[in-house]
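Undergrad: A predicted structure for the sequence below; I have some questions about it.
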Amino acid sequence: MRVVFMGTPDFAVDALSALIQAGHDVAAVVTQPDKPKGRGKEMQMTPVKACAVAHGIPVFQPVKVKEPEAVDKLRGYGADVFVVAAFGQILSEEILTMPRYGCVNIHASLLPKYRGAAPIQWAIINGETTTGVTIMQMDRGIDTGDMLMKAEVPIAAGETADSLHDKLAQAGAKLIVEALPKIADGEIVPVKQNEEESCYAKMLQKSMSRIDWRQSAEKLDCTIRGLISWPGASCMYHGKTLKIWEEEAVAAEAMEAKEAGAKAACVKPEDKQPVKWLRDSEPGTVVCVEKEAFYVQTGSGFLRVTAVQPEGKKRMAVKDFLLGYPVKAGERLS
């Protein structure tokens with residue numbers, strides 16, 4: 001098929017590469033304008049543009065794709081279908097109906113759940129165990145079009161938004177290659193979304209980064225893993241920001257068992273110190289410090305923190321962090 005591919009971030013690159021490898025005629029790639037990045041504010045290509053340039057595919061970067069000049073340019077490509085993956089602009093009805101097979105979107109959730117801008121992150125934050133990708137026939141709504149194909153992707157224990165992003169990008173790439181010939185042959189029966197099952201994955205905000213230690217350890221674990229790339233999850237330690245990179249939720253029963261096990265393992269008191277932790281502490285209190293981790297009291301259970309990033313420093317393991325920051329039981333993380 002003759003394809004115009006519309007996408008911008010890393011998530012879309014796998015799909016573009018798969019379409020090229022499958023032998024589709026990618027007439028053009030439409031992506032967001034280049035933006036300055038880094039301390040030097042140098043202009044950088046979007047990941048999708050970099051892929052297109054590497055394959056010698058023409059690139060179109062409209063500031064507003066709905067402007068008449070942009071619409072005329074899109075029409076000139078004579079595409080059979082527009083494939084869209086995290087493009088970042090809303091398409092007009094004129095664009096949606098322009099190709100013979102319309103516009104199909106690769107969405108990173110099992111619609112109708114998690115419509116919107118951040119489906120990967122919210123699936124992690126909400127503690128889902130399964131998500132996936134949906135190939136959808138686009139309409140004027142936000143991820144409301146008819147569903148064409150789906151593929152489920154399990155969410156592993158300890159999965160972060162970053163690792164899940166890569167899995168879904170690969171799943172979406174595979175699925176769009178399967179879908180296009182079936183669309184052309186009329187083999188797919190579109191399925192309408194059940195509005196009663198829908199939910200919206202709203203855009204992430206920087207304000208979400210502050211950890212509320214009053215929440216349960218399980219909830220904080222999901223939130224930290226969901227916000228891992230941006231905005232991250234952080235607290236204040238001695239007046240400076242401390243980002244939490246790696247952790248795990250630990251139930252109170254597990255702490256009791258840990259202490260009991262340590263005591264039982266001591267043949268002589270001098271051989272090994274039993275694990276001690278502060279009971280009945282306020283949320284945000286460090287209750288136990290080990291060589292490679294420290295434990296923080298939450299609203300329910302504890303968070304065992306194993307990798308952090310102090311303000312102005314690089315990410316590091318807690319065992320290295322403790323060399324310069326002697327965290328003690330009883331200290332508070334605000």
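TA: Sure, I can see it.

Undergrad: Which stretches in the stretch 151-300 of the chain count as strands?
TA: 200-201, 234-237, 240-250, 286-289, 294-297 (DSSP state E, counting those that start in this stretch).

Undergrad: Of all the residues in the second one, which ones are buried?
TA: Think strand 234-237. For strand 234-237, the buried set under the neighbour-count rule, 16 or more other CB atoms under 10 Å, comprises 234-235, 237. Any C-beta I mention is one placed from the backbone N, CA and C, and that applies to glycine too.

Undergrad: need the strands of the stretch 151-300 of the chain in CSV with distance to E187 and mean pLDDT, can you?
TA: Listed next are the strands of the stretch 151-300 of the chain as CSV, based on distance: least, CB to CB, whole Å; pLDDT from 0 to 100:
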stretch, distance to E187, mean pLDDT
strand 200-201, 30, 96
strand 234-237, 49, 96
strand 240-250, 45, 97
strand 286-289, 59, 95
strand 294-297, 54, 97
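
Undergrad: circling back to that earlier point, tabulate the buried residues of strand 234-237 in CSV, adding columns for distance to D14.
TA: Formatted as CSV, the buried residues of strand 234-237 follow (distance: CB to CB, whole Å):
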residue, distance to D14
S234, 30
C235, 35
Y237, 38
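
Undergrad: Excluding residues flanking it in the chain, which one is nearest S281?
TA: Closest residue to S281 apart from its sequence neighbours, by CB to CB, 6 or more residues apart in numbering: Q297 at 4.3 Å.

Undergrad: partner residues bridging that neighbour?
TA: Residues in a beta bridge with Q297, per DSSP bridges, are F302.

Undergrad: contacting residues for the nearest residue to A252 once chain neighbours are set aside?
TA: Nearest residue to A252, sequence neighbours excluded (CB to CB, 6+ apart): G301, at 5.9 Å. Residues in contact with G301 (CB atoms under 8 Å, 6 or more residues apart in numbering) are 216-218, 249-252.

Undergrad: Please apply the same query to L322.
TA: 289, 291, 294.

Undergrad: I figured the first one was touching V327, is that so?
TA: Spelled out, that is V289. Yes: applying CB atoms under 8 Å as the test, V289 and V327 come out as touching, 5.5 Å apart.

Undergrad: before we move on, back to that, check what pLDDT the residue nearest to A252 gets.
TA: Looking at G301, its pLDDT is 96.

Undergrad: Now the terminal residues of stretch 122-131, how far apart.
TA: End-to-end distance of stretch 122-131 (CA to CA, to the nearest Å): 10 Å.

Undergrad: how many neighbours does the nearest residue to I224 once chain neighbours are set aside have?
TA: Once flanking residues are discounted, I224 sits nearest to A233: 4.2 Å by CB to CB, 6+ apart. Close neighbours of A233, defined as other CB atoms under 10 Å, add up to 21.

Undergrad: Check what pLDDT A233 gets.
TA: Looking at A233, the pLDDT reads 98.

Undergrad: show me what contacts it?
TA: 209-211, 220, 223-224, 227, 243-244.

Undergrad: what does V48 give?
TA: Neighbours of V48 in contact, by CB under 8 Å, 6+ apart: 5, 7-9, 12-13, 16, 29, 31.

Undergrad: what do you get for E93?
TA: Per CB under 8 Å, 6+ apart, neighbours of E93: R140.

Undergrad: For it, what are phi and psi?
TA: phi -60, psi -30 (degrees, to the nearest 10).

Undergrad: And the nearest residue to A118 once chain neighbours are set aside, how close does it get to P112?
TA: Counting by CB to CB, 6+ apart, A201 is the residue found nearest to A118 once chain neighbours are left out, at 4.8 Å. Applying CB to CB, to the nearest Å, the value for A201 to P112 is 11 Å.

Undergrad: okay, now the domains of this structure?
TA: 2-201, 206-324 (automatic domain parsing).

Undergrad: Distance to S334 for these - can I get that in TSV?
TA: Putting these into TSV (distance: least, CB to CB, whole Å) gives the following:
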stretch	distance to S334
domain 2-201	22
domain 206-324	4
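
Undergrad: Going by mean pLDDT, which of the ones you listed comes out lowest?
TA: Minimum mean pLDDT among those: domain 206-324, a mean of 88.

Undergrad: For stretch 165-175, buried residues please.
TA: Quick answer for stretch 165-175 (16+ other CB under 10 Å): 165, 167-169, 171-173, 175.

Undergrad: again, but for stretch 172-192
TA: Neighbour count says stretch 172-192 has 172-173, 175-177, 179-180, 183, 188 buried, by 16+ other CB under 10 Å.

Undergrad: between the residues you listed, which is nearest E94?
TA: I183 (20.6 Å; CB to CB).
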